[in-house]
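K.L.:
Here is my input; please provide its structure:
(one chain, ligands or ions: 2)
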Amino acid sequence: MTDQTHGAAVRLDRLVQRYRGSDRAAVDDVSLDIAPGEFMTFLGPSGSGKTTTLSMVAGFAAPTSGRILVDGQDISRLPAHKRNLGMVFQQYALFPHMTAAKNVAFPLHRRGVDKATGHARAMDALKLVHLDHLADRLPKQLSGGQQQRVAVARAIVYNPPVLLMDEPLGALDKKLREQLQIEIARIHRELGVTIIFVTHDQEEALALSDRIAVFNEGRIAQVGTAKELYESPATLFVARFLGDSNVFTGRVDPDGRTLTGDGWTLHTPPAHHIAASSHAAIVVRPERMRVLDHAGSGPTPGNVLDADVVDVVYLGTHRRVELRFRDGGSGAVREPAGKESAASRGDVVRVTWSPEHSVLVPEHR
Ligand SMILES: Nc1ncnc2c1ncn2[C@@H]1O[C@H](COP(=O)(O)OP(=O)(O)O)[C@@H](O)[C@H]1O
Ligand SMILES: [Mg+2]
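P.N.:
Residues are numbered from 1 along each chain as shown. Ligands and ions are numbered 1, 2, ... in the order given. Below is the predicted model:
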């Protein structure tokens, strides 16, 4: 597209949203720095404050307190239409009586761009989402996925430095969602626009984002790359929200290198962030654990636990060995195809993993 803009930096500075009549803040002191051109995803369960935060950035809801800065400029008091941000929502919200091209050109006409230029730029935007051949169709003559492409074209046609997307793929089936994820990633690359993308779908977040902010109860529980969040979750909530985990709760021993629970002691990397003697949990991802071939045989890299095999589920690329540990907790080991152990349902096995794959987190929150 012509006159391409670059992405803007977005800063959320201690944002609070307290809806009238509600005793709990829907957004409770959220601060976040988003780099120019970054793809930032808000991920969290329903009701965790993602949409409310995005609405404050968009200008649909005034913050109870806190500020929003775009490239250092405080936009908190500007009306939505003066913020110059692109927006795409789950519902396509196209004008039903306008063709795709007219829908896309609409924001330009509102900005005083003449008809011919507006049409040319709308066609460029439609080209970017691979829909220029359907420019003359009405929304009802387009599929859901195509309508959402039109909505994306309309949001980017005026080259906004920031694009806000609230569950834009939520209404589409899985296959279409994956196709559009690829399209959105490509548009992000080609335009260099900053994107704030809301989803409750962890796979979508992992596939698209430079960084992810995990929301829980109106707060950001953790911000990081997909790898950081998955491999070093800061809390039990984050560990459980992103992927599967085995969780063991106990008490940190005085040396800070082991956690002791009901009949077991497990090694962790030195825990500087969690005080000795406090209650804590160890999180271990299922692919980091190994089932020992026969009780006790083979090398044991640090941690060993006994478990009953509750079930073995074949999943093509891997199989899942469902376990009940001797302290009553349940969990699983993920075995890649070709590296399966001999474990089958009803067996008593020993599982092992290296201390470096024990992630120590506070027991609560
Ligand atoms: N207009 C509103 N008035 C009162 N409460 C609201 C309003 N919108 C959202 N809430 C509440 O604020 C909390 C956060 O909602 P929301 O931001 O929509 O979450 P999410 O997008 O993460 O699902 C929820 O408890 C929700 O019920
Ligand atoms: Mg929402």
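
K.L.:
and residue 113, what does it touch?
P.N.:
Taking C-beta atoms under 8 Å, 6 or more residues apart in numbering as the criterion, residue 113 is in contact with residue 121. Placement of C-beta: from N, CA and C, glycine included.

K.L.:
where do the strands sit along the stretch 51-200 of the chain?
P.N.:
65-70, 73-74, 86-89, 162-166, 194-199 (DSSP state E, counting those that start in this stretch).

K.L.:
swap that for the stretch 201-350 of the chain, please
P.N.:
Listed in chain order, the strands of the stretch 201-350 of the chain (DSSP E, counting those that start in this stretch) span 211-216, 219-224, 246-252, 258-260, 265-267, 279-284, 290-291, 303-314, 318-325, 330-336, 348-353.

K.L.:
Using CSV, lay out the strands of the stretch 51-200 of the chain together with mean neighbour count, distance to ligand 1 and mean pLDDT.
P.N.:
Converted to CSV, these look like this (neighbours: other C-beta atoms under 10 Å; distance: least, C-beta to the nearest ligand atom, whole Å; pLDDT from 0 to 100):
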stretch, mean neighbour count, distance to ligand 1, mean pLDDT
strand 65-70, 17, 15, 98
strand 73-74, 12, 22, 96
strand 86-89, 22, 11, 92
strand 162-166, 23, 7, 97
strand 194-199, 26, 7, 98
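
K.L.:
which stretch among the ones you listed comes nearest residue 32?
P.N.:
strand 194-199 (9.4 Å; C-beta to C-beta).

K.L.:
one step back: of the strands of the stretch 201-350 of the chain, flag the one that's most buried.
P.N.:
Across those, the average number of neighbours (mean count of other C-beta atoms under 10 Å) peaks for strand 211-216, which reaches a mean of 24.

K.L.:
So what sits opposite residue 70 in the bridge?
P.N.:
residue 10, residue 73 (DSSP bridges).

K.L.:
I'd guessed it sits against residue 13; true?
P.N.:
No. Counting by C-beta atoms under 8 Å, residue 70 sits too far from residue 13 to count as a contact (11.7 Å).

K.L.:
Ok, which of the strands of the stretch 51-200 of the chain comes nearest residue 134?
P.N.:
Here strand 86-89 is closest among the strands of the stretch 51-200 of the chain (C-beta to C-beta), at 18.0 Å.

K.L.:
so what strands line up beside the closest one?
P.N.:
Here strand 86-89 has these sheet partners by DSSP bridges: strand 162-166 (parallel).

K.L.:
From the chain's centroid, how far away is the strand it pairs with?
P.N.:
Centroid displacement of strand 162-166 relative to its chain, using C-alpha atoms, centre = their mean, to the nearest Å, is 14 Å.

K.L.:
That strand to strand 65-70, inter-axis angle?
P.N.:
Taking axes from the mean of the first three to the mean of the last three C-alpha atoms, to 10 degrees, one finds strand 162-166 and strand 65-70 inclined to each other by 130 degrees.

K.L.:
The strands of the stretch 201-350 of the chain into a markdown table, with extra columns for distance to ligand 1?
P.N.:
A markdown table is the format used below for those (distance: least, C-beta to the nearest ligand atom, whole Å):
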| stretch | distance to ligand 1 |
| --- | --- |
| strand 211-216 | 6 |
| strand 219-224 | 11 |
| strand 246-252 | 24 |
| strand 258-260 | 33 |
| strand 265-267 | 34 |
| strand 279-284 | 24 |
| strand 290-291 | 37 |
| strand 303-314 | 31 |
| strand 318-325 | 30 |
| strand 330-336 | 28 |
| strand 348-353 | 34 |
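
K.L.:
can you list those strands in CSV and add distance to residue 114 and mean pLDDT?
P.N.:
CSV is the format used below for those (distance: least, C-beta to C-beta, whole Å; pLDDT from 0 to 100):
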stretch, distance to residue 114, mean pLDDT
strand 211-216, 40, 98
strand 219-224, 43, 98
strand 246-252, 61, 94
strand 258-260, 68, 93
strand 265-267, 69, 94
strand 279-284, 59, 95
strand 290-291, 67, 94
strand 303-314, 62, 95
strand 318-325, 58, 96
strand 330-336, 59, 96
strand 348-353, 66, 94
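
K.L.:
any chance of those in TSV, plus distance to residue 37?
P.N.:
Shown next, in TSV, are the strands of the stretch 201-350 of the chain (distance: least, C-beta to C-beta, whole Å):
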stretch	distance to residue 37
strand 211-216	12
strand 219-224	17
strand 246-252	37
strand 258-260	41
strand 265-267	41
strand 279-284	32
strand 290-291	41
strand 303-314	41
strand 318-325	35
strand 330-336	35
strand 348-353	38
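
K.L.:
which one of the ones you listed lies closest to residue 63?
P.N.:
Closest among the strands of the stretch 201-350 of the chain, once you apply C-beta to C-beta, is strand 219-224, at 14.8 Å.

K.L.:
Partner strands of the closest one, with direction?
P.N.:
strand 211-216 (antiparallel).

K.L.:
Next, the contact list for the nearest residue to residue 215 once chain neighbours are set aside, please.
P.N.:
Nearest non-adjacent residue to residue 215, counting by C-beta to C-beta, 6 or more residues apart in numbering: residue 44, 3.1 Å away. For residue 44, the contacting residues are 50, 200, 214-216, 221, 241, by C-beta under 8 Å, 6+ apart.

K.L.:
ok, 6 Å please
P.N.:
With contact set as C-beta atoms under 6 Å, 6 or more residues apart in numbering, residue 44 has these partners: 50, 214-216.
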